[in-house]
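*Asks:* Generate a structure from the sequence data that follows.
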Amino acid sequence: MTVLAALLAALAVAVAIPDRAAAVERLPRRHGSARPARAGLSSSGACLIAGFAVAFVVGFPAGVVVGAAVAACGPAALSRLEPASVRRDRDRLVLDLPLALDLLAACLTGGASLAAAAGAVATAVPGPCGARLSGVRDALAAGTPPGEAWLSLAR
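*Replies:* Model prediction:
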């Protein structure tokens, strides 16, 4: 029984941490842009599952109180695990990504090289997206294979 409750709590926390869909919903919408469909369990839902698991492990009546506290305070606690600057950069990346991809496609369709396209888009899209594309441009200019240079965006 304890193992089952621990597994439920671990699953809830693992699902709650990468809650990128909620970050996208906080962003202002650009005209004509569609938001991606929400996938996965929200941090509130994951904390609710963790609250049930805690209530189950601790038992009645103290478990109900502790489980309710986990379910109510968990989302706020999880949101504080990530620094605000990292959250802002990620939100800005999510917002700028469609524009950056459109610009990259236009540059490549127009005949620009990978390095020139990455440089042009890095100049046109400021912020974290432009900074990352500048790194790709610099890596391509230094002779890094294209696959490895573009893979640096995933880090």
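
*Asks:* Could you use CA atoms for every contact and neighbour count after this?
*Replies:* Will do.

*Asks:* for the chain, what are the low-confidence residue spans?
*Replies:* Where the chain drops to pLDDT under 70, the residues are 1-41, 155.

*Asks:* The same query, at a cut-off of 80, please.
*Replies:* Where the chain drops to pLDDT under 80, the residues are 1-48, 76, 78-82, 154-155.

*Asks:* Would you map the helices across it?
*Replies:* 2-16, 20-26, 43-58, 62-79, 84-109, 114-124, 128-141, 146-151 (DSSP state H).

*Asks:* which one of those helices is the most hemmed in?
*Replies:* Comparing those on average neighbours per residue, with mean count of other CA atoms under 10 Å, the densest one is helix 43-58 at a mean of 22.

*Asks:* elements contacting that helix?
*Replies:* Based on contacts counted as 3 or more CA pairs under 8 Å, 6 or more residues apart in numbering; DSSP states H and E, the elements that helix 43-58 packs against are helix 2-16, helix 62-79.

*Asks:* Now find how far off-centre the last one is within its chain.
*Replies:* With CA atoms, centre = their mean, to the nearest Å as the basis, the distance from the averaged C-alpha position of helix 62-79 to the chain average is 23 Å.

*Asks:* So which residues make contact with it?
*Replies:* The contact list for helix 62-79 (CA atoms under 8 Å, 6 or more residues apart in numbering) reads 16-17, 43-44, 47-57.

*Asks:* how does it look with 7 Å?
*Replies:* Contact with helix 62-79 is made by Ile17, Ser43, Ser44, Cys47, Leu48, Ala50, Gly51, Phe52, Val54, Ala55, Phe56, as judged by CA atoms under 7 Å, 6 or more residues apart in numbering.

*Asks:* Between these, which sits nearest Ala105?
*Replies:* Nearest to Ala105 among the contacts of helix 62-79, counting by CA to CA, is Ile17 at 32.2 Å.

*Asks:* picking that back up, switch the contacts of helix 62-79 over to JSON lines; also include distance to Pro126.
*Replies:* Below are the contacts of helix 62-79 laid out as JSON lines (distance: CA to CA, whole Å):
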{"residue": "Ile17", "distance to Pro126": "28"}
{"residue": "Ser43", "distance to Pro126": "30"}
{"residue": "Ser44", "distance to Pro126": "33"}
{"residue": "Cys47", "distance to Pro126": "36"}
{"residue": "Leu48", "distance to Pro126": "39"}
{"residue": "Ala50", "distance to Pro126": "40"}
{"residue": "Gly51", "distance to Pro126": "42"}
{"residue": "Phe52", "distance to Pro126": "45"}
{"residue": "Val54", "distance to Pro126": "45"}
{"residue": "Ala55", "distance to Pro126": "48"}
{"residue": "Phe56", "distance to Pro126": "50"}
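
*Asks:* With that, I have no additional questions.
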